[in-house]
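Asker: Give me coordinates for this.
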Amino acid sequence: MNFWDQRFAEPGFKYGTEPNAFLHDQAYRLLPVSQVLVPGDGEGRNGVWLATQGHGVTSVDSSAVGLQKAQVLAASRGVPLRTEVVDLADWQPAAASFDALILIYTHLPAAFRQTAHQRLAHGLRSGAWVVLEAFHPAQLGYNSGGPKDVDMLYSPEQLSADFEGLIQPVLTWHGEITLAEGPSHQGLAHVTRWVGQRI
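Answerer: Alright, predicted model coming up:
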């Protein structure tokens, strides 16, 4: 059982069942009935919410346990959700098959972060959106969640470099917010918010 299987095997939802606030605010950018890819969706709070908005959602994660809970959540909301257990270190979506890529606290090691981001971007159609929120390196000074390894934390500049030539940034920001996302994301945090569009 991997780390995330162990985490998600605990009772309840680690990050709650409601969508991330930034995703909620940015979802207006998506065209109706978009095909949306949500890597690292864990227990499904974001993918399921997007499905309730009428989108076709594919949630992928390394944790089968998390995705099983995502399917339970989807059933409780009466929406379909496609799920697949994948390792983002080497997984690649079919080219030009999605209208949006949603990356919410999908923290990848520096060793393959850029190549993984590029592979995910190649799965997007021209004009597709990327909506991303993650912990900034300054989050190491906070106790509200996230990896304790700076190599797994993202600055806006790193993300713009990762997606250069594929995704045009339209919003890049970092700063303090107050998180209220289940028991594992609570309190003052320093995050990066990044939105871009497929060239």
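Asker: CA atoms for contacts and neighbours, from now on please.
Answerer: Noted.
Asker: Counting neighbours, which bits of the helix or strand containing residue 117 end up buried?
Answerer: Here residue 117 is covered by helix 113-122, with elements defined by DSSP states H and E. The neighbour-count check on helix 113-122 (16 or more other Cα atoms under 10 Å) flags 113-122 as buried.
Asker: Which member of those residues is positioned nearest residue 133?
Answerer: residue 117 (13.7 Å; Cα to Cα).
Asker: helices and strands around the least confident helix or strand in the chain by mean pLDDT, which ones?
Answerer: The least trusted helix or strand in the chain, going by mean pLDDT, DSSP states H and E, turns out to be helix 3-8, with a mean of 92. In terms of contacts (3 or more Cα pairs under 8 Å, 6 or more residues apart in numbering; DSSP states H and E), helix 3-8 is packed against helix 64-77.
Asker: hang on, the earlier thing: and which of the buried residues of helix 113-122 is nearest residue 168?
Answerer: residue 121 (11.1 Å).
Asker: ok, that closest one to residue 162 distance?
Answerer: Distance, residue 121 to residue 162, by Cα to Cα, to the nearest Å: 10 Å.
Asker: cool, and residue 140?
Answerer: Applying Cα to Cα, the value for residue 140 to residue 162 is 22 Å.
Asker: So which residues of this protein form helices?
Answerer: For the chain, the helices defined by DSSP state H occupy 3-8, 21-26, 45-52, 64-77, 113-122, 156-162.
Asker: Which of the ones you listed comes out lowest on mean pLDDT?
Answerer: Ranked by mean pLDDT, the helices of the chain bottom out at helix 3-8, which scores a mean of 92.
Asker: How about residues contacting that helix?
Answerer: 14, 42-43, 62-66 (Cα atoms under 8 Å, 6 or more residues apart in numbering).
Asker: Distance from that helix to the middle of the chain?
Answerer: 17 Å (Cα atoms, centre = their mean, to the nearest Å).
Asker: Tell me the buried residues in it?
Answerer: So for helix 3-8, counting by 16+ other Cα under 10 Å, buried means 5, 8.
Asker: and it, C-alpha only, in PDB?
Answerer: Extracted as PDB, the C-alpha positions of helix 3-8 are listed here (Å, rounded to 0.1, in the frame of the first residue of the first chain):
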ATOM      1  CA  PHE A   3       1.600   6.500   1.100                       C
ATOM      2  CA  TRP A   4      -1.500   7.900  -0.400                       C
ATOM      3  CA  ASP A   5      -3.400   4.700  -0.200                       C
ATOM      4  CA  GLN A   6      -2.600   4.700   3.600                       C
ATOM      5  CA  ARG A   7      -3.700   8.400   3.900                       C
ATOM      6  CA  PHE A   8      -7.000   7.900   2.000                       C
END
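Asker: Spit out the contact partners of the nearest residue in space to residue 147 that is not next to it in sequence.
Answerer: Excluding the flanking residues, the one nearest residue 147 by Cα to Cα, 6 or more residues apart in numbering is residue 153, at 7.2 Å. When contacts are counted by Cα under 8 Å, 6+ apart, residue 153 is found next to 107, 134-137, 147.
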